[in-house]
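In: Any chance you could fold what I've pasted below:
(chains A and B)
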Protein chains: 2
Amino acid sequence: MAAVTYELIKTDKRTKARRGRVRTPHGVIETPVFMPVGTAATVKAMRPEELKEMGAEIMLSNTYHLYLRPGHEIVREAGGVHSFMNWDRPVLTDSGGFQVFSLGAMRKISEEGVEFRSHIDGSKHMLSPEKSIEIQNALGSDIIMAFDECAPYPADRSYVKDSLERTTRWLKRCRDFHKDTERQSLFGIMQGGMYKDLRRESAEQIVDLDLPGYAIGGLSVGEPKELMYDIMDECVDYLPKEKARYLMGVGSPDCLFEGVERGIDMFDCVLPTRIARHGMAMTSEGRVNIKNAKYERDFAPLDRNCDCYTCRNYSRAYLRHLFKSDEILSSMLMTNHNLHFLINTMKNIRKAIEEERFTEYKKEFYKAYGRF
Amino acid sequence: MAAVTYELIKTDKRTKARRGRVRTPHGVIETPVFMPVGTAATVKAMRPEELKEMGAEIMLSNTYHLYLRPGHEIVREAGGVHSFMNWDRPVLTDSGGFQVFSLGAMRKISEEGVEFRSHIDGSKHMLSPEKSIEIQNALGSDIIMAFDECAPYPADRSYVKDSLERTTRWLKRCRDFHKDTERQSLFGIMQGGMYKDLRRESAEQIVDLDLPGYAIGGLSVGEPKELMYDIMDECVDYLPKEKARYLMGVGSPDCLFEGVERGIDMFDCVLPTRIARHGMAMTSEGRVNIKNAKYERDFAPLDRNCDCYTCRNYSRAYLRHLFKSDEILSSMLMTNHNLHFLINTMKNIRKAIEEERFTEYKKEFYKAYGRF
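Out: Okay, here's the model as predicted:
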C-alpha cells in the first residue's frame, strides 16, 4: 500500500472546498492544512513542542538546504529528519528544484538535471531527478516531491511547454528511482505557467502516472493574484478528486481561503515565520507592525481574539520593546503567534466546511482582516 | 518589615559555605543561588516557563538598559518588570552604575552622579543615586541595588579610596530616597578594589546602615583569579552573618564553587547565556565547543549526564548543524542547557552543604570538569 493516502470526507455544496484526511506513516493530517516550513530541519525560532501545541500536523523541510548542510547522509545516520530534529509527526520535503532554479547565473540546466554552485561556499553540485530522490530517501520524509522546473513569470509559451515536458520526463525518472513506496510517497508536480492549455497538458501527463498526490507548482511567482486564482481554479479541475492536492509555496491568509475555495488541500509558505522575524503579525483584525510607535504603551495583547501563548502572556508594548531591542524572544513570540494564527484559521476553515458555512466564514474573515 | 530577609539554615563545618533562604515579595530563594541575567527584561532566547522548569528562582535585570529602552515609566505602567515580562518570581535589578562607568569617554562623574550618553542613540542622560532608585522603584524589582562606582583594575589606592567613600555617600542617598522598604529591599555594595584595608573600610561604612543585604562589587574586573579569591575571602568576613551576601557579575562554574566556599549566597553572570549563543556549552565533562568538526556525526547528547530539555531531545550533530546554519533554535537550545547546568550545579552544591560533603563535591566536580 502507498505510504500516503487521501480520503475525501466532504465537499462544500457551493464551492470546490473540501474536507479530507491524509494518512502518512507518521500520523494523520486533517485537510485543508497549512504546513509550517522548517528549511534547515528547524522551523525558525520554534521548539517542535510549540508547533504541536498549536496543532501543526505536518511540516515541510528543504532538500536543497539539507543536502548542502548538514548533508543528507548525516541526516540518514541520525535516523532520518524526524529523529534528527525531534519531530515525530509527518514531514514533507520539496525536491530542491525550486531552489536550484532560483540560483540564476549559478546554475546550468540540461536534460540530465541541474548543475549548480552552493550558495554557502560556491562548491559545484549536480541535482537530478535521481539525486533528489536519493536525498529525500535519506531524509526519510513521509511525502517526497518530484524534481521539477518551476518556470519563471513571465515566460514564453514555448519555454513553458518545453519545461513542463521535461518536468514530466523527470517525474518518470523520479518514480522509477523511488523504490520504497510504502515508506515514502512521491507527489507529482503540475507546471504549465499561466497557459491553461499547458496546465491541462501537464496534468494529463502526470495524472497518468497514478501517484498518491499532486502538487500545483509555478504559481505565486510574481503574477497578479487574480491571474493566480484563475489558473488555480482551472488546474484543480484537471486533478483527480481521490488524490491530495498541494499548492506549493502559497500561504497568505487570502491565498488560503481562495485556494481552499478552489479545492486545494495542502499549503506551505515561509510568509508567517519570515514576517514574524521582521516584527509583522497577522491578526484577526489585519496586519500589525509591532515596530509602530503607537504600540509603545499598548498593554493589550497582539490579537485580542487570539489564545496563542504570545497573546495569553505578553503585551504589544513588551513585544515592541523586544523587537526594538533585537531580542531573540521577539522572533520566538511573533513566530508563535503567526503560525498559531494560520493554523487556527485553517482549523476554522475545516469546521466551516463541515458545517456548510465556508462562504460565510470567508466573508467574515475578509471583513475583519481588511486589505490583504 | 523589610521586603527581603535572609535566614541562615546551616554553615559547613570545614568551610564558610552556607545554606540559607532569602524571602522576597515574589517568593523564596534557596541559597546559594545562581541568578540568570535578563538584561532587557528577557533572558536571551528563553521563555520564562523554561527558566521555571529548570528551577531558576530569581532573575536579574538591568536598570541602565530598561531606563533607556523601553523607559522605566513604560515598565511602571505595565505593572512593573514582573508583569511586563511575564515572570512572577523574584527579580533583582542592578543600579546602572556598572554600565555607565563602563561607558568610558561617554560619561562624566561628579559628586551628584554620572552624566552619560546613551549607547543606543547618543542622547545625554544623568544617573544619580536618586535617579537610579527612582527607576528601580518604577521597575518594581524585589531587590534593588545601590548606585555605586565599580573601580577599574588596576587602580591607585587613592583613587579607590575616594571612589569607595563616594560610593558610601551615594549609598546613604539611595537609602534616604528609597521609601517603600516593604515592597523592595535595597542592598548596599562593598567596594575597595584589591586593597584589603579599603575593603574593610567600605564594609564598616555600609554595614553600619543595617541594610537587608550586601553585595561585593569590583571583583572579576580583570584581576587574576587567585587575587579575586583572596580578596573575596577577606570581604566575606567583614559582612554580617545574618544578611544575604551577593557577589556581583561572577558565574563561571569554578567561581561559583570558590565563592560558595568563602560564604557567598548569590551570584549572577551573563557567561552561560553569552557563550551559549557562541556555540559553547558547559558540561559535566568540561566545555564543549559545538562548532568543532568532531561533532559532525556525534549523535550523543551535549552532556550525557544532563537531563535538560536540550540533552533529552537533541544530538550534538543536530546542535552543530543549527549553529553552523545560524538558526535561532541554536541559541535557544544551547542557552537552555547552560543555564540548566549552572542552576543544577547550584542545586547539587546546596544538597552537598546540607549533607556535609561540599568539599568532596567540589573536588569531584573539578576533576570531571577539567581546566577552567
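
In: which SS class is the most far-flung residue of chain A relative to its centre?
Out: Most distant from the centre of chain A: A:R297, at 36.3 Å, with distances by C-alpha atoms, centre = their mean. Secondary structure, DSSP: H, G, I helix; E, B strand; the rest coil: A:R297 is coil.

In: right, and it touches A:Y318 too?
Out: No: the criterion here is C-beta atoms under 8 Å, and A:R297 misses it with A:Y318 at 11.1 Å. Where you see a C-beta, it was placed from the backbone N, CA and C, and this is true even at glycine.

In: For A:I144, list the residues it contacts.
Out: A:92-93, A:95, A:133, A:136-137, A:178, A:184-187 (C-beta atoms under 8 Å, 6 or more residues apart in numbering or on different chains).

In: Format the residues you listed as CSV; extra columns: secondary structure and pLDDT.
Out: Formatted as CSV, the contacts of A:I144 follow (DSSP: H, G, I helix; E, B strand; the rest coil; pLDDT from 0 to 100):
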residue, secondary structure, pLDDT
A:L92, strand, 98
A:T93, strand, 98
A:S95, coil, 97
A:I133, helix, 98
A:Q136, helix, 98
A:N137, helix, 98
A:H178, coil, 98
A:Q184, coil, 98
A:S185, strand, 98
A:L186, strand, 98
A:F187, strand, 98
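
In: Highest neighbour count among these?
Out: A:Q136 (30 neighbours; other C-beta atoms under 10 Å in any protein chain shown).

In: How about it: what's its closest non-neighbour residue?
Out: Distances taken as C-beta to C-beta, 6 or more residues apart in numbering or on different chains place A:I144 nearest to A:Q136, at 4.0 Å, with adjacent residues excluded.

In: what's the neighbour count on the closest residue in space to A:T39 that isn't next to it in sequence?
Out: Nearest residue to A:T39 in three dimensions, chain neighbours excluded: A:N62, at 4.7 Å (C-beta to C-beta, 6+ apart). Look at A:N62: counted by other C-beta under 10 Å, it has 21 neighbours.

In: how close does A:N62 get to B:L322?
Out: 15 Å (C-beta to C-beta, to the nearest Å).

In: Find me the pLDDT at the residue most central in space within chain A, would you?
Out: Central residue of chain A (C-alpha atoms, centre = their mean): A:D268, 1.7 Å from the mean position. Note on A:D268: pLDDT of 98.

In: who's in contact with it?
Out: Contacts of A:D268 (C-beta under 8 Å, 6+ apart): A:34-37, A:60, A:92, A:246, A:248-251.

In: which of the residues in the helix or strand where A:T359 lies are buried?
Out: Using DSSP states H and E, A:T359 falls within helix A:358-369. For helix A:358-369, the neighbour count (16 or more other C-beta atoms under 10 Å in any protein chain shown) marks A:358-359, A:361-362, A:365, A:369 as buried.

In: Can you list the helices and strands that that helix packs against?
Out: For helix A:358-369, the packing partners by 3 or more C-beta pairs under 8 Å, 6 or more residues apart in numbering or on different chains; DSSP states H and E come out as helix A:253-261, helix A:328-354.

In: tell me the angle of that helix relative to helix A:328-354?
Out: Using axes from the mean of the first three to the mean of the last three C-alpha atoms, to 10 degrees, the inter-axis angle of helix A:358-369 relative to helix A:328-354 is 150 degrees.

In: next one: helix A:358-369 to chain centre, how far?
Out: 23 Å (C-alpha atoms, centre = their mean, to the nearest Å).

In: Could you list the residues of the stretch 251-372 of chain A in contact with chain B?
Out: Residues of the stretch 251-372 of chain A lying close to chain B (C-beta under 8 Å from any C-beta of the partner chain) are A:296-297, A:299, A:313-315, A:317-318, A:320-322, A:324-325, A:327-329, A:331-332.

In: For the closest residue to chain B within the stretch 51-200 of chain A, give me its contacts.
Out: The stretch 51-200 of chain A approaches chain B most closely through A:P70 (4.2 Å), counting by C-beta to the nearest C-beta. Counting by C-beta under 8 Å, 6+ apart, A:P70 touches B:296, B:317, B:320-321, B:324.

In: In three-state terms, how would the residue nearest to A:Q136 be classified?
Out: strand.

In: Residues in a beta bridge with it, which ones?
Out: A:T93, A:L186 (DSSP bridges).

In: Read off the pLDDT value for it.
Out: pLDDT, read off for A:I144, is 98.

In: Same check on A:G104?
Out: So A:G104 comes in at 87 (pLDDT).

In: measure A:T345 to chain B for me?
Out: In this view, A:T345 and chain B are 24 Å apart by C-beta to the nearest C-beta, to the nearest Å.

In: Enumerate every residue touching that residue.
Out: Neighbours of A:T345 in contact, by C-beta under 8 Å, 6+ apart: A:34, A:253, A:256, A:365.

In: And it, how far from A:M282?
Out: 8 Å.

In: Surely A:G279 is in contact with A:I290?
Out: Yes: when contacts are counted by C-beta under 8 Å, A:G279 is listed as touching A:I290 (4.5 Å).

In: which neighbours do these two share?
Out: A:323, A:334.

In: So if I had to pick from these two, which one is more boxed in?
Out: A:I290 (25 against 20).

In: Then A:H65 would be within a helix, right?
Out: Yes: assessed by three-state DSSP, A:H65 belongs to a helix.

In: Run a quick neighbour tally on it.
Out: Around A:H65 there are 19 residues (other C-beta under 10 Å).

In: OK, contacts around it?
Out: Counting by C-beta under 8 Å, 6+ apart, A:H65 has contacts A:39-40, A:99, B:325.

In: Widest-spaced pair of those?
Out: A:Q99 and B:S325 (14.6 Å; C-beta to C-beta).

In: related to what we said a few turns ago, identify the contacts common to A:T345 and A:M282.
Out: A:P253.

In: who are the neighbours in contact with A:T310?
Out: Contacts of A:T310 (C-beta under 8 Å, 6+ apart): A:301-302, A:319, A:333-334, A:336-337, A:340.

In: Quick one: buried ones out of the residues you listed?
Out: Looks like those have A:301-302, A:319, A:333-334, A:336-337, A:340 buried, using 16+ other C-beta under 10 Å.

In: on that earlier part again, just curious, which of the contacts of A:T310 is nearest to B:Y309?
Out: Distances from B:Y309 to the contacts of A:T310, taken by C-beta to C-beta, are shortest for A:N336, at 16.6 Å.

In: quick one: the strands in the stretch 151-300 of chain A?
Out: Here the stretch 151-300 of chain A has its strands, by DSSP state E, counting those that start in this stretch, at A:185-190, A:213-216, A:244-247, A:266-268, A:280-283, A:286-289.

In: For beta bridges, what are the partners of A:V288?
Out: A:A281.

In: any idea how far chain B is from it?
Out: 17 Å.

In: quick one: that residue from A:M282, how far?
Out: Taking C-beta to C-beta, one finds A:V288 at 8 Å from A:M282.

In: out of the two, which sits in the more crowded spot?
Out: Shown here are A:V288 and A:M282; by other C-beta under 10 Å, A:M282 has more neighbours (25 against 21).

In: Correct me if wrong: A:N344 contacts A:M54.
Out: Yes: with contact defined as C-beta under 8 Å, A:N344 counts as touching A:M54 (7.4 Å).

In: list residues touching both of these two?
Out: With C-beta under 8 Å, 6+ apart as the test, A:N344 and A:M54 both reach A:C308.

In: returning to that earlier point: mind checking which of the contacts of A:H65 are in helices?
Out: Of the contacts of A:H65, the ones assigned to helices by DSSP state H are A:Q99.

In: Where is pLDDT lowest across the contacts of A:H65?
Out: A:Q99 (94).
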